[in-house]
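# Task: produce atomic coordinates for the following.
(2 chains)
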Number of protein chains: 2
Amino acid sequence: MDIKTLAQQAKDAAITLAALDGSVKDKALAAIAEALLAHKETIFAANRQDLARSEKEGLAAPLMKRLKFDDKKLATVVAGIRDLAAMDDPVGVTQRATELDAGLALYRVSCPIGVIGVIFESRPDALVQISSLCLKSGNAVLLKGGSEAKETNRALYTLIKEASEAAGAPSGWIQLLETRQDVAEMLGLDEYIDLIIPRGSNAFVRHIMDHSNIPVMGHADGICHVYVDRGADIDMAVNIAVDAKTQYVAVCNAMETLLVHAGIAEKYLPRMKEAMEAAGVALVGCEKTRSIIDIPAAVDTDWDTEYLELKLSVKVVDDLEEAIKHINRHGSGHTDSIVTKDKNSAKRFLALVDSGNVFWNCSTRFSDGYVFGLGAEVGIATGKLHARGPVGMEGLLIYKYKLLGSGQTIRPYSAGEKRYTHQKIDGDCPV
Amino acid sequence: MDIKTLAQQAKDAAITLAALDGSVKDKALAAIAEALLAHKETIFAANRQDLARSEKEGLAAPLMKRLKFDDKKLATVVAGIRDLAAMDDPVGVTQRATELDAGLALYRVSCPIGVIGVIFESRPDALVQISSLCLKSGNAVLLKGGSEAKETNRALYTLIKEASEAAGAPSGWIQLLETRQDVAEMLGLDEYIDLIIPRGSNAFVRHIMDHSNIPVMGHADGICHVYVDRGADIDMAVNIAVDAKTQYVAVCNAMETLLVHAGIAEKYLPRMKEAMEAAGVALVGCEKTRSIIDIPAAVDTDWDTEYLELKLSVKVVDDLEEAIKHINRHGSGHTDSIVTKDKNSAKRFLALVDSGNVFWNCSTRFSDGYVFGLGAEVGIATGKLHARGPVGMEGLLIYKYKLLGSGQTIRPYSAGEKRYTHQKIDGDCPV
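Predicted coordinates:
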């Protein structure tokens, strides 16, 4: 079937899914959990095919580990599905209610966005997490996973589709795309698809953003900074920098550039260098940095580079203002942290740095939906509309206005014969 | 100066403006109100130039009326500015707070979006309303008004810029564009501009949406429906339809298509025809409609046309489901209303019609930010992200996460030595 037809089916299903009773969605989630457990050997067998093929193709060890779907990963995703099923329905929540006049009541009520296209990396467990989040939030979903995991993805998709539809989810609410050509076609289907969430490499996300009229939620780069202010505790600033750079280098919230106030650089930089080199980090720096510690020179492009490896660029700045300016110019709006004992500096940094996550005296590595307590994470968004920073299920929801009248026309209000009351109403929308 | 430079200046100003104390913004708003009153003769003289030129160019009477800026309009905009100045600062509001661990507190805090590009119609009062809304919400703004009003707009812009900057607003927060070429350049400046709000004709809005990578908030079409259900009160359904079609035909929330349940069509259609024809409405209809009332046949394109005049397409549907399907296929996600005594039909209609405003037993004409009690209206959005339906100041705001630590690194949490507490915190972010 062509992708346009799949997207049309998803759109039709989305309308029904938006109005589906919460208990039916929860029953469908429970059925999915049971089906995955009951047919785990089918999934594992498909996964063994993916592993064997990928091993033959020389897939790197960390990716092989992510690709593997075993009892432990199954238990995690099943627990996640059951957590979701136990949550209150996020759809149909009255967010605000206003009486416009006697017998004319306005309710702002949460609802799903509609049809979401999700493109995700090699982990097949992501397929289960994303589709169950979409089901709970009432969104239809088009999924495209990594090609390394194609057999596992197909097995998971089939089980989820069959179990959920048998339990009352509308036919076609979940669709699987399998090729890059499918994705390319999807990008043009703004008539049917409301939002694309790409998770993957920077170049890939940027490609998606540049090639679709459909809104995209996500982040291309993660160029995160730690700024060591003049008023920093030196030990704390070393610990935080080493953690932000080295605890997990391949993630978007790892630090790529360290900024150091000139007034503390002579004390801080040698200590930092020692600790970073002990952790295996290669340093490059600006001229001022190099006048204090002996490291290679950074080039202009270093300040705009997401290394994702044990490499760090270091720059000495004259003051807080220069640090803020550098971050707003070279950062990616993801996560930036200040280390300082000075509350005023912290306040100014948090207000003026234009990033979704602005931290004071802690590692950049904390920006994460699970860490933030948002439950399952949809992704981290660096855009400035709808949702920002780590995005949980809320990012898959929007609202509609329901106005309940008793025959009102606008004429008497326009003519000044009647006036709006604009009284707050307590209570939920009755329909 | 070229538009890129103006946009850069606005972006620089936006960073400062985002952190500006609420009292300074309010002082700047008060200064704007005073300046407009003190220099009203300058504004009126500029406006007379625009009126004289436009009259010579044969501008239509309703547009001449919109273009005129007199004492009455001045009083309205000044009252609006003073209302805004009296409101609480919408920036810096703690929306949610969570303790991640002892001494590690997460706050979600409201903040401006950044730089907004607004393109608006001939009314010069819109320039004042939009710029004061942007200032209160901490956003820098690039404004492009109708060319008919160019002298008035320049006078207003100059007074607003000088008065607000003298009162402490950052230099460059407000910028005036003057030509279509300026707008074309602006559409490419996604590096500096975060959101475009186009207000104007459908074709124009669609052009903007198709020619920019910058997110757009607004609506192209307003193809609104009234659906008369089998369970409708006939009198009410006639009144609502006539009001929705005729009270003001040139607006986006006027009805364009009337859907009628087959089970009530024989009773309803003749009554409706009589009332519509008395109001001067030209009707076209589907074959079933024409078997009951004698009107010209509708053609396929009628169902997708926003007439914005005294014309209405009428269609008989077999049931509620067909009405919902028709609206979701041909509507523009703007405003759709059901007339019925049947609560279950209403509930289903409100849930399944995928529009920002879904109404029961009232005219489509109520979808408006002022009517909804949102204060000044930014516009009506038919997109499904960020803001939907009538959008007030809230649509110009987003949030950032502030995480306040005391030296925390991620390592002990990743290693399982420490656990997140995820306790709700009462109180506002202290920085």
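
# So which bits of the stretch 251-400 of chain A are right by chain B?
By the rule C-beta under 8 Å from any C-beta of the partner chain, the part of the stretch 251-400 of chain A lying against chain B is A:324, A:328, A:343, A:346-348, A:350-352, A:354-363, A:365-367, A:371-373, A:383-386, A:388-390, A:398-400. Yep, even glycine has a C-beta here, placed from its N, CA and C like the rest.

# cutoff 7 Å now
Remark: the part of the stretch 251-400 of chain A in contact with chain B comprises A:328, A:343, A:346-347, A:350-352, A:354-363, A:365-366, A:371-373, A:384-386, A:388-389, A:398-400, using C-beta under 7 Å from any C-beta of the partner chain.

# The stretch 51-200 of chain A against chain B: which residues are in contact?
A:98, A:100, A:104, A:106, A:113-114, A:194-195.

# coming back round to it: of the residues of the stretch 251-400 of chain A next to chain B, which belong to helices?
A:328, A:343, A:346-347, A:350-352 (DSSP state H).

# okay, the angle between the lengthiest strand in chain A and helix B:343-352?
Determined from DSSP state E, the single longest strand within chain A is strand A:397-408. Strand A:397-408 and helix B:343-352 are oriented at 140 degrees to each other (axes from the mean of the first three to the mean of the last three C-alpha atoms, to 10 degrees).

# What lies in contact with strand A:397-408?
Residues from elsewhere that reach strand A:397-408, judged by C-beta atoms under 7 Å, 6 or more residues apart in numbering or on different chains: A:90, A:95, A:103-113, A:137, A:429, A:431, B:236, B:239-240, B:350, B:355-363, B:366, B:384-385, B:388-389.

# Specify the residue ranges that define each domain of chain A.
Structural domains annotated on chain A: A:3-217+A:378-396, A:224-366, as defined by automatic domain parsing.

# Mean neighbour count added to those, as JSON lines?
Shown next, in JSON lines, are the domains of chain A (neighbours: other C-beta atoms under 10 Å in any protein chain shown):
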{"stretch": "domain A:3-217+A:378-396", "mean neighbour count": "20"}
{"stretch": "domain A:224-366", "mean neighbour count": "21"}
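
# looking at these, which is closest to residue B:25?
domain A:224-366 (13.7 Å; C-beta to C-beta).

# starting at the chain centroid, how far to that closest one?
Put simply, domain A:224-366 sits 24 Å off its chain's centre (C-alpha atoms, centre = their mean, to the nearest Å).

# Averaged pLDDT, that domain. What do you get?
The pLDDT scores in domain A:224-366 average 97.

# before we move on, back to that, now distance to residue B:144 too, for the domains of chain A, in TSV please.
TSV is the format used below for these (distance: least, C-beta to C-beta, whole Å):
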stretch	distance to residue B:144
domain A:3-217+A:378-396	21
domain A:224-366	24
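
# and the closest residue to residue A:22 other than its chain neighbours, helix, strand or coil?
Of all residues beyond its chain neighbours, the one nearest residue A:22 is residue A:89 (3.1 Å), with distances taken as C-beta to C-beta, 6 or more residues apart in numbering or on different chains. On the three-state scheme (DSSP: H, G, I helix; E, B strand; the rest coil), residue A:89 is labelled coil.

# how far away is residue A:89 from chain B?
13 Å (C-beta to the nearest C-beta, to the nearest Å).

# Then residue A:125?
18 Å.

# check contacts around the residue nearest the centre of chain A.
With distances taken as C-alpha atoms, centre = their mean, residue A:379 lies nearest the centre of chain A, 1.0 Å away. Each residue near residue A:379 by C-beta under 7 Å, 6+ apart is listed here: A:197, A:199, A:217-218, A:391.

# quick one: which of those residues is nearest residue B:153?
Once C-beta to C-beta is applied, the member of the contacts of residue A:379 that ends up nearest residue B:153 is residue A:217, at 35.5 Å.

# I figured the closest one hits residue A:198, correct?
No - taking contacts as C-beta atoms under 7 Å, residue A:217 lies outside contact range of residue A:198: 8.6 Å.

# Let me know the secondary structure of the closest residue to residue A:427 other than its chain neighbours.
Spatial nearest neighbour of residue A:427, chain neighbours left out: residue A:97 (6.7 Å); criterion: C-beta to C-beta, 6+ apart. Following three-state DSSP, we place residue A:97 in the strand state.

# And the pLDDT at residue A:97?
So residue A:97 comes in at 97 (pLDDT).

# just to revisit the earlier point, from chain B, how far out is the residue nearest to the centre of chain A?
Taken as C-beta to the nearest C-beta, the span from residue A:379 to chain B is 14 Å.

# swap in residue A:236?
Going from residue A:236 to chain B by C-beta to the nearest C-beta gives 4 Å.

# what helix or strand is that residue on?
Using DSSP states H and E, residue A:236 sits in helix A:234-246.
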